[in-house]
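In: the following block contains a protein sequence and its predicted model.
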Amino acid sequence: FPLFAADAAFGRALCFLFPSLPPPIACLCFAAGINVSITRTVIGTTCILAFLAGEQNAMSSILAASLVAQFATAYMPFIKSQKSREDMDKAHVYEYSRPML
């Protein structure tokens, strides 16, 4: 949760640059993006942030920020113990294979 506090500060700073941006949405999306980049938990992060903040209506924007962060950092391990997974590599790229007859 310390990461969420730092991300909320970054979200507030983003609101000063773009005043029309709602502060709760900016803070939650920033927190989701950085948390997903580190932990690789897209759905869990989205649900936790939306329901803990009481912003269930913002779930779609939080999920969008989580998915963008997941795809942007898919091949960058931030934690040394993170290993590459073959099933995740195949999940990002679709390969069509014709069935053998």
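Out: Structure received.
In: for this structure, which spans come out with low pLDDT?
Out: 1, 77-97, 100-101 (pLDDT under 70).
In: which strand or helix spans the residue nearest the centre of it?
Out: Computing the C-alpha centroid of the chain and ranking residues by C-alpha atoms, centre = their mean puts Ser66 first, at 2.1 Å. Using DSSP states H and E, Ser66 maps to helix 59-72.
In: other SSEs contacting that helix?
Out: Where contact means 3 or more C-beta pairs under 8 Å, 6 or more residues apart in numbering; DSSP states H and E, helix 59-72 is packed against helix 23-39, helix 42-53. Placement of C-beta: from N, CA and C, glycine included.
In: quick one, which of these is nearest to Tyr75?
Out: Each of those has some distance to Tyr75 by C-beta to C-beta; the shortest is helix 23-39, at 11.7 Å.
In: the closest one: which residues count as buried?
Out: When neighbours are counted by 16 or more other C-beta atoms under 10 Å, the buried residues of helix 23-39 are found to be 25-37.
In: now stretch 69-78
Out: Buried residues in stretch 69-78, counting neighbours by 16+ other C-beta under 10 Å, are found at Ala69, Gln70, Thr73.
In: check the offset of it from the chain's centre.
Out: With C-alpha atoms, centre = their mean, to the nearest Å as the basis, stretch 69-78 stands 10 Å off its chain's centre.
In: restrict it to CA atoms and write it as PDB.
Out: Output in PDB follows, covering the C-alpha atoms of stretch 69-78 (Å, rounded to 0.1, in the frame of the first residue of the first chain):
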ATOM      1  CA  ALA A  69       0.500  -0.900 -18.200                       C
ATOM      2  CA  GLN A  70       0.500  -4.700 -18.500                       C
ATOM      3  CA  PHE A  71       1.100  -4.600 -22.300                       C
ATOM      4  CA  ALA A  72       3.600  -1.800 -22.100                       C
ATOM      5  CA  THR A  73       5.800  -3.600 -19.500                       C
ATOM      6  CA  ALA A  74       5.100  -7.200 -20.500                       C
ATOM      7  CA  TYR A  75       8.800  -8.000 -21.100                       C
ATOM      8  CA  MET A  76      10.400  -5.800 -18.400                       C
ATOM      9  CA  PRO A  77      10.800  -7.700 -15.100                       C
ATOM     10  CA  PHE A  78      11.000  -5.100 -12.300                       C
END
